[in-house]
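Peer 1: okay, sequence plus prediction incoming.
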Amino acid sequence: MSRFNYNTETERLIIRPYIKEDFSNWLTQFNNRMPSQHKYDEGKIDMSICTEEWFGELVNNHQQMAVNDKVYVFGIFRKEDNAHLGAIDFSTIMRDNFQWARFGYTIHNQFWRQGYGKEAVKAAIILAFKKLNFHRIEAHINLDNTPSIKLAESVGMQFECIRKGFIYEFDEWTDNLIYHIISK
């Protein structure tokens, strides 16, 4: 299998695909999460199924999805100590004449309010434009997810519309705000 290995760096961060050797660091930071801080923060998660073998399969699945141009998953790591801070993913919606993707982002709550989310998202968007060749990137955000809305706006994404009944979550069809950014 060919290997997907695009990455980027900022002053404080390395954003790259996961490798099997990330397991211990990845698990440690999930286990260090604080309790949920709001509705869209999972907080502490039961990680008991997450063995090293399980993680290796996850990494392989991420690689296969990237090679197939379906989903690109990047871990966010702090340069100074290699701490795993969170993840960013890009899902291909359509290629051809569109070059269109959806993306999501998460930072472990113990690292919030330090600017890591904004720094990582800005760098990852540039990577998606330059290396993944997307022209349009969308963020699909719940109407009341104020932290995510603020992050999207802070990196230059613009509000486009509300998609009604867009995703099934919380046992119902929910509306999403659509924010977008276009390659220049």
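Peer 2: Received, thanks.
Peer 1: so which residues of this structure form strands?
Peer 2: Counting by DSSP state E, the chain has these strands, from start to end: 8-9, 13-16, 71-78, 84-94, 100-107, 136-142, 158-169, 172-182.
Peer 1: tell me the most buried of these?
Peer 2: Taking mean count of other CB atoms under 10 Å as the contact definition, the stretch among the strands of the chain with the greatest mean neighbour count is strand 71-78, which reaches a mean of 22. Heads up, the C-betas are built off the backbone N, CA and C, glycines and all.
Peer 1: neighbouring strands - and their directions - for it?
Peer 2: Under the criterion DSSP bridges, strand 71-78 sits next to strand 13-16 (antiparallel), strand 84-94 (antiparallel) in its sheet.
Peer 1: before we move on, the earlier item: now the strands of the chain as TSV including distance to residue 41 and mean pLDDT?
Peer 2: As requested, the strands of the chain are arranged in TSV below (distance: least, CB to CB, whole Å; pLDDT from 0 to 100):
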stretch	distance to residue 41	mean pLDDT
strand 8-9	26	96
strand 13-16	20	98
strand 71-78	16	98
strand 84-94	12	97
strand 100-107	9	96
strand 136-142	12	97
strand 158-169	14	96
strand 172-182	17	97
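Peer 1: if I look at the residue lying farthest from the centre of the chain, how far off is residue 31?
Peer 2: Here the chain reaches farthest from its C-alpha mean at residue 97, the gap being 24.5 Å by CA atoms, centre = their mean. Separation of residue 97 from residue 31 (CB to CB, to the nearest Å): 45 Å.
Peer 1: quick one: closest of the strands of the chain to residue 48.
Peer 2: Counting by CB to CB, residue 48 lies closest to strand 84-94 out of these; the figure is 18.4 Å.
Peer 1: next one: that closest one to chain centre, how far?
Peer 2: When C-alpha coordinates are averaged (CA atoms, centre = their mean, to the nearest Å), strand 84-94 and its chain have centres 4 Å apart.
Peer 1: ok, now stretch 97-105?
Peer 2: For stretch 97-105, the distance between its averaged C-alpha position and the chain's averaged C-alpha position is 12 Å (CA atoms, centre = their mean).
Peer 1: how close does residue 154 sit to residue 91?
Peer 2: For residue 154, the distance to residue 91 under the criterion CB to CB works out to 22 Å.
Peer 1: ugh, wrong one, residue 121
Peer 2: Going from residue 121 to residue 91 by CB to CB gives 15 Å.
Peer 1: do residue 52 as well
Peer 2: Residue 52 sits 27 Å away from residue 91, taking CB to CB as the criterion.
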